[in-house]
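Peer 1: Need coordinates for the below:
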Amino acid sequence: MRTSSQFRVAQAIETHGRRRVWIVVLTALVAFAAAFGAHAQAVVDPPSRVARLGDASGQVWLFSADSNEWVTIARNRPLTTGDRIATDNGARAEITLGSTTLRLDGATELEIARLDDSRFALRLEGGSVAVRLRSPQSVNEFELSTDEGRFRAQAVGRFRFDRFDQASDVTAFSGQAIYENRNTALPVTTGQHAQFWIDQAGVPQYAMMQLVRDEFAAWNDDRDRAEDRVAQQRRYVSPEMTGAEDLDRYGSWEQTPEYGALWIPRQVPVGWAPYTTGHWAWVRPWGWTWVDDAPWGFAPFHYGRWVYRRNVWCWVPGTYVARPVYAPALVAWIGGPSVSVSITVGGGAPVGWVPLAPHEVYVPPYRFSQRYVREVNVTHVTNVTNITTIVNNRNGELDRRDLANRKFPNAVTVVPQEVMLRRQPVAPVAERMRNDPHVRSLVADAAPPRTVTAPPVSAPPPAQRPSTQVRPPRPPFEGRAPGLAGRPETARPPSAGEQQRPDPRAGTAPPPRADVAVPPPRSEGGRPADNRGGRPEFGRGSERGGPPVATTPNAAPAQPNVGAASPGATTPAPRATPGGPPVGARGVLVE
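Peer 2: Down below sits the predicted model:
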């Protein structure tokens, strides 16, 4: 029998033991939480949206940071942070991001400095770009920078930005923009055109001019009117779905009790199936990305699902989402060591894929968080448990999902690896391989095939590349407005450190290219050669459509008020324009 002192000692030992157990448990929990937090921080989701090259006439180039060269790009190529786009003389390009539209004139270079869920920042190196912002959210996210300052929009509208020889112009056809530099700002409202430059003392200056009406402006007006005539079915898809503006133009809608809204493309070839007429491209940070050849071929291949109904392939957008999440290709990959295809066309091991059907889970082949995978699937799959089970199984030995579209005609596409590596058109090779009995078995077999949830080719061996590049000469600049065609040809010197600009996008190294596109000529500094020449003196303002402004060899002295006219300048009578300086005004922007 214990004495009271012995009991107290035993109780103290027991209490101390329990404390030790709790300390160990708490320590383990803290360590687990720290490890989980570190893992969560390590997973950086890709952006939920991208821009795309919607249309182009003439040659359009994309600077590849991976190969350090300019390569040709085609319609529907996704564009994201770090991409630099250039047009040849006489070429034009249209870029869309949801409801936002950019149009580039010839000999223009534009960089997407940042494109994510909260910001769309551009940098104009040279040339002309027209911007149309249609939603208040896009207004808050948009900005465009040049060496002369930053431009932001303050209201929805249509704007134009030009940059030639260390001078930047902004025109507000509708809405309001604002120029910012060195803690100063100048608004440019509807019907105004302002030019900005930095004097030798580093002080921002400006001149108010008349609107520019040239061929690029007329072409841009025609494109806007054509878009306005197409009534988008916003009750089915969000206008912030990139590429949605093409759906009504190239297809028709149908409402069904089983799938909801269906979109049916018009005039597709006999035997056509999704993800068959196009090619694969490597786009950071997602990796392998489908680029379709059809003019409407963006939204239906990066959002929603496909269903074969009444012997016709139909696209199912799914539940309406205000800003749906972009995916590089909504397919399931079929392949792996167990698939043996007797390839007769050469080109390495086989790679196969099939479009996902409604309610099937898309498993990204890149790094992602649980939140991201739910959002990218939310239009078709709301069962979180089902998503988690399939996603966790991607690292298992087998993924035995029976894919609904596998049994339909031409749904499964199989090509040699080399077709992906060389970014070659898929359709010709896939057509020849459909006669292979092993390829046919992927469609005909009742048992689910072995599928993989990541592209079978993720890091192929290096490919041999030619050691030299042939750059085609550029034609001389023919001018965009009266009086500009005769300017002497000059090239803007490269910015300091331009050649060392790193690729801002994270991700794994891309597969090497087995083909080489011919880049455009580049001036010393890595950008395409600029043959436009210098901007005219301000005394020749009428050549750009503006009023005659007296040439002043020296910078005007600092004025006490932003937007005040420079002393000594001879200008026509100021025109009263609410919200900004009148046409013909010149001044210095001071802090």
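
Peer 1: Quick check: chain neighbours aside, which residue is closest to Q370?
Peer 2: T388 (7.3 Å; Cβ to Cβ, 6 or more residues apart in numbering). Using the backbone N, CA and C atoms, a C-beta is placed for each residue, glycine as well.

Peer 1: Wasn't that neighbour part of a helix?
Peer 2: Yes - secondary structure assignment places T388 in a helix (DSSP: H, G, I helix; E, B strand; the rest coil).

Peer 1: tell me which residues of the strand or helix carrying V170 are tucked away?
Peer 2: When elements are assigned from DSSP states H and E, V170 belongs to strand 167-174. Applying a neighbour-count criterion of 16 or more other Cβ atoms under 10 Å, one finds A167, S168, D169, V170, T171, A172, F173 buried in strand 167-174.

Peer 1: ok, the last one - contacts?
Peer 2: Residues in contact with F173 (Cβ atoms under 8 Å, 6 or more residues apart in numbering) are G157, R158, F159, R160, T190, G191, L211.

Peer 1: Need the residues you listed in TSV (columns: neighbour count and distance to R150).
Peer 2: Written out in TSV, the entries for the contacts of F173 read as follows (neighbours: other Cβ atoms under 10 Å; distance: Cβ to Cβ, whole Å):
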residue	neighbour count	distance to R150
G157	19	18
R158	19	19
F159	22	14
R160	22	16
T190	17	20
G191	17	22
L211	15	22
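
Peer 1: Just give me the closest of those to T277.
Peer 2: Top of the list for closeness to T277, among these and by Cβ to Cβ, is R158 at 34.2 Å.

Peer 1: Return the residues in contact with A93.
Peer 2: Contacts for A93 were tallied using Cβ under 8 Å, 6+ apart; they are L53, D55, A56, S57, V60, I85, T87, R103, L104.

Peer 1: So among the residues you listed, which ones count as buried?
Peer 2: Listed as buried from those are L53, D55, A56, V60, I85, T87, R103, L104; burial here means 16+ other Cβ under 10 Å.

Peer 1: pretty sure the fourth one contacts A86?
Peer 2: Going back to what we said before, that points to V60. Yes - using Cβ atoms under 8 Å, V60 and A86 qualify as a contacting pair, with a distance of 7.4 Å.

Peer 1: which strand in this structure runs the most residues?
Peer 2: Secondary structure of the chain read by DSSP state E shows that its longest strand is strand 120-133.

Peer 1: Pairing partners for that one, with directions?
Peer 2: Applying DSSP bridges, strand 120-133 is found paired with strand 100-104 (antiparallel), strand 109-115 (antiparallel), strand 142-146 (parallel), strand 157-164 (antiparallel).

Peer 1: hang on, the earlier thing: looking at the contacts of F173, which one is closest to A404?
Peer 2: Using Cβ to Cβ, R158 comes nearest to A404 of the contacts of F173, at 44.5 Å.

Peer 1: Can you give me the distance of the closest residue to the closest one other than its chain neighbours to I334?
Peer 2: Residue nearest to R158 in three dimensions, not counting chain neighbours: F173, with 4.2 Å by Cβ to Cβ, 6+ apart. Note on F173: its distance to I334, by Cβ to Cβ, to the nearest Å, is 50 Å.

Peer 1: Could you do F142 as well?
Peer 2: From F142 across to I334, the span is 41 Å (Cβ to Cβ).

Peer 1: could you give the mean pLDDT of stretch 182-190?
Peer 2: Averaging pLDDT along stretch 182-190 gives 91.

Peer 1: the helices in the chain, which residues?
Peer 2: 4-42, 136-141, 215-229, 247-250, 299-302, 370-377, 384-392, 417-421, 427-433, 437-444 (DSSP state H).

Peer 1: Mean pLDDT lowest where, among those helices?
Peer 2: Mean pLDDT is lowest for helix 4-42 out of these, coming in at a mean of 48.

Peer 1: For the residue nearest to Y250 when sequence neighbours are not counted, which residues are in contact?
Peer 2: Of all residues beyond its chain neighbours, the one nearest Y250 is W296 (3.8 Å), with distances taken as Cβ to Cβ, 6+ apart. For W296, the contacting residues are G243, D246, L247, R249, Y250, G251, P265, taking Cβ under 8 Å, 6+ apart as the criterion.

Peer 1: ok, now P425?
Peer 2: With the criterion set at Cβ under 8 Å, 6+ apart, P425 makes contact with T277, G278, H279, D293.

Peer 1: rerun at 6 Å
Peer 2: Residues near P425 by Cβ atoms under 6 Å, 6 or more residues apart in numbering: H279.

Peer 1: From V415, how far off is it?
Peer 2: For P425, the distance to V415 equals 10 Å [Cβ to Cβ].

Peer 1: and the buried residues of strand 167-174 as CSV, adding distance to G127 and pLDDT?
Peer 2: Rendered in CSV, the data for those read as follows (distance: Cβ to Cβ, whole Å; pLDDT from 0 to 100):
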residue, distance to G127, pLDDT
A167, 13, 96
S168, 11, 97
D169, 11, 97
V170, 14, 97
T171, 14, 97
A172, 19, 96
F173, 18, 95
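
Peer 1: would you list the residues you listed in CSV and tack on distance to A273?
Peer 2: Putting the buried residues of strand 167-174 into CSV (distance: Cβ to Cβ, whole Å) gives the following:
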residue, distance to A273
A167, 52
S168, 48
D169, 48
V170, 47
T171, 46
A172, 46
F173, 43
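
Peer 1: Greatest separation within the residues you listed: which pair is it?
Peer 2: In the buried residues of strand 167-174, two members sit farther apart than any others by Cβ to Cβ. They are A167 and F173, at 19.8 Å.

Peer 1: Quick one: the strands in the stretch 201-350 of the chain, in order.
Peer 2: With DSSP state E, counting those that start in this stretch as the definition, the stretch 201-350 of the chain shows strands at residue ranges 204-209, 251-256, 260-265, 278-283, 287-292, 305-309, 312-316, 331-334, 350-355.

Peer 1: follow-up on the earlier one: buried ones among the contacts of W296?
Peer 2: Neighbour-count burial (16+ other Cβ under 10 Å) applied to the contacts of W296 gives G243, D246, L247, Y250, G251, P265.

Peer 1: What sits closest to the last one if chain neighbours are left out?
Peer 2: Nearest residue to P265, sequence neighbours excluded (Cβ to Cβ, 6+ apart): G251, at 4.5 Å.

Peer 1: thinking the one you found is in contact with V268, fair?
Peer 2: No - in terms of Cβ atoms under 6 Å, G251 does not count as a neighbour of V268; the distance is 9.5 Å.

Peer 1: Which of the buried ones among the contacts of A93 fall in strands?
Peer 2: Among those, the members that lie in strands (by DSSP E) are L53, D55, A56, V60, I85, T87, R103, L104.

Peer 1: What spatial separation is found between the closest residue to the fifth one other than its chain neighbours and T96?
Peer 2: Spatial nearest neighbour of I85, chain neighbours left out: L110 (5.2 Å); criterion: Cβ to Cβ, 6+ apart. Counting by Cβ to Cβ, the gap from L110 to T96 is 14 Å.

Peer 1: try F161
Peer 2: Distance, F161 to T96, using Cβ to Cβ: 17 Å.

Peer 1: Please apply the same query to T389.
Peer 2: Using Cβ to Cβ, we find T389 at a distance of 36 Å from T96.

Peer 1: With that, I have no additional questions.
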